[in-house]
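Novice: I would like to see how this sequence folds:
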Amino acid sequence: MAEAYIVAATRTAGGRRGGRLAGWHPADLAAQVIDALVAKSGIDPAAVEDVILGCVSQVGEQASNVARNAVLASLLPESVPGTSVDRQCGSSQQALHFAAQAVMSGSMDAVIAGGVESMTRVPMFTPNALPAKAGLGTYMSPAMQRRYPGVEFSQFTGAEMIARRHGIEKEALDRYAFETHRRAIAATREGAFAGEILPVEVRLADGSGTGEMHTVDEGIRFDVTLEGIQGVKLIAEGGRCTAATASQICDGASGVLVVNERGLKTLGAKPLARIHHMSVMGHDPVVMLEAPIPATERALRKAGMTIGDIDLYEINEAFAPVPLAWLQRLGADRARLNVNGGAISLGHPLGASGTKLMTTLIHALHQRGKRYGLQTMCEGGGMANVTIVERL
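Specialist: Got it, this is the predicted structure:
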């Protein structure tokens, strides 16, 4: 079977809700990433055989196949199709898997995988809230309710369950959040993100452009203090998690260009990384956010590797208990985890986060001269994708 290579990877800097990316229509923002991938790789736009984009809230401006709409807003010809993927927070990581599978099978040679989410313009939970308001029902079917009687699936509840199950106290969560901000601050000041961030114009919520370019993740709190984080009120009475130890609502887009050997020869390009392993796993939908642990364990077994073989890990910081429980269970090295910060400091643009993390992981591997990187993230419904890449 052919190999799958990543030849270009980029992302926008994250924008806060109502912030510097709020004026961008999500299809147009995704189109900026598509165009940048074409420019970075030098590929003939007509040679892109598909565009697969992750997006969680596929309603309103993100409805009607946002991937195809992004293609039509880009410089790609109309002949390039597009399809949208929803695997919750792992949507664009799954888009990468689909793209890799396509080129490995030989049915395609060059595919763009990515994701977009404007959490300003299409707020979280909108796909559920609007139908409920209109009396159109809920995603919870009678059969699901019989299987999980009285259960209200909630990531907030799941985060608290993980913290308790793994004995992670609020103090540890607060310190982790402080650490991820400090890492993001250091990475920004040292220019670690310069090669991966695509500058785009600042567009405010009213749609006006400022002429200024957005190049720094807006969620980073450069004046962060541990005392400030410790003072944030609990999400639930008697709980351990706060807004400061949860991922930030974020606007953003990201993407990668995936090719096989034929694609490499056509491009004449040097690949950034090779896909070494990819898998996905379902787990307890009630605890929901614990799936990265067994998914990583299984992925390492299937790849014939140990956690010690992995040089860097990107574990999405949906809530601080997720990476901390993962570290604890895997016996992993904390110094290799989210070395440039994570979603608590940089933001979590839902459907865009998968290829956002992959973009950061690949660039970090190159900057540090490391070989293997692993990415995983918890997903609504109790799932997790795992991707292992080798830097080339």
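
Novice: residue 285: how many residues sit nearby?
Specialist: Residue 285 has 17 neighbouring residues, counting by other Cβ atoms under 10 Å. Yep, even glycine has a C-beta here, placed from its N, CA and C like the rest.

Novice: these two touch, right, it and residue 381?
Specialist: Yes. Between residue 285 and residue 381 there is a contact at 5.3 Å, judged by Cβ atoms under 8 Å.

Novice: where do the contact lists of those two overlap?
Specialist: residue 153 (Cβ atoms under 8 Å, 6 or more residues apart in numbering).

Novice: residue 244 belongs to a helix?
Specialist: Yes. If the criterion is DSSP: H, G, I helix; E, B strand; the rest coil, then residue 244 is within a helix.

Novice: any buried residues in the lengthiest helix in the chain, and which?
Specialist: In the chain, assigned by DSSP state H, the helix with the most residues is helix 170-189. Residues of helix 170-189 classed as buried: 170, 172-181, 183-185, 187-188 (neighbour count, 16 or more other Cβ atoms under 10 Å).

Novice: low pLDDT regions in the stretch 201-350 of the chain?
Specialist: For the stretch 201-350 of the chain, no stretch is flagged by pLDDT under 70.

Novice: how about the helices in it?
Specialist: With DSSP state H, counting those that start in this stretch as the criterion, the stretch 201-350 of the chain has helices at 226-230, 261-267, 292-303, 321-330, 343-346.

Novice: hey, which of the ones you listed is tucked in deepest?
Specialist: helix 343-346 (a mean of 30; mean count of other Cβ atoms under 10 Å).

Novice: just after that helix, pick out the following helix or strand.
Specialist: helix 353-368 (DSSP states H and E).

Novice: how far off centre is that next one?
Specialist: 11 Å (Cα atoms, centre = their mean, to the nearest Å).

Novice: what's the next secondary structure element after it?
Specialist: strand 372-379.

Novice: what packs against that next one?
Specialist: Counting contacts by 3 or more Cβ pairs under 8 Å, 6 or more residues apart in numbering; DSSP states H and E, strand 372-379 is packed against helix 292-303, strand 312-315, helix 353-368, strand 383-391.

Novice: can you tell which of these is closest to residue 224?
Specialist: helix 353-368 (19.5 Å; Cβ to Cβ).

Novice: now do the longest helix of the chain against helix 353-368, angle only.
Specialist: 60 degrees (axes from the mean of the first three to the mean of the last three Cα atoms, to 10 degrees).

Novice: contacts for helix 170-189, please.
Specialist: By Cβ under 8 Å, 6+ apart, helix 170-189 touches 163, 192-193, 216-217, 220-222, 224-226, 229-230, 234, 240-242, 244-245, 317, 320-321, 323-324, 338-342, 344-346.

Novice: re the thing from before, closest one to residue 120 among the helices of the stretch 201-350 of the chain?
Specialist: helix 343-346 (16.4 Å).

Novice: sec struct for residue 24, please.
Specialist: Residue 24 is classified as coil under three-state DSSP.

Novice: please enumerate the strands of the stretch 101-250 of the chain.
Specialist: 110-118, 200-203, 209-214 (DSSP state E, counting those that start in this stretch).

Novice: and the spatially most central residue of the chain, how far is that from residue 188?
Specialist: Closest to where the C-alpha atoms of the chain average out (Cα atoms, centre = their mean) is residue 353, at 1.5 Å. The gap separating residue 353 from residue 188 is 18 Å, by Cβ to Cβ, to the nearest Å.

Novice: quick one, what contacts residue 211?
Specialist: Applying Cβ under 8 Å, 6+ apart, the residues near residue 211 are 201-202.

Novice: about what we covered before: angle of the longest helix of the chain against helix 321-330?
Specialist: 100 degrees.

Novice: and helix 170-189, C-alpha only, in CSV?
Specialist: These are the backbone C-alpha positions of helix 170-189, laid out as CSV (Å, rounded to 0.1, in the frame of the first residue of the first chain):
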residue,chain,number,x,y,z
LYS,A,170,-8.3,21.4,41.6
GLU,A,171,-4.8,22.6,42.5
ALA,A,172,-3.3,20.3,39.9
LEU,A,173,-5.8,21.5,37.3
ASP,A,174,-5.0,25.2,38.0
ARG,A,175,-1.3,24.6,37.8
TYR,A,176,-1.6,22.8,34.5
ALA,A,177,-3.7,25.7,33.1
PHE,A,178,-1.0,28.2,34.3
GLU,A,179,1.7,26.0,32.6
THR,A,180,-0.1,25.8,29.3
HIS,A,181,-0.3,29.6,29.2
ARG,A,182,3.3,30.0,30.0
ARG,A,183,4.3,27.6,27.3
ALA,A,184,2.1,29.4,24.7
ILE,A,185,3.6,32.7,25.8
ALA,A,186,7.1,31.4,25.4
ALA,A,187,6.4,29.8,22.0
THR,A,188,4.9,33.0,20.7
ARG,A,189,7.7,35.2,22.0
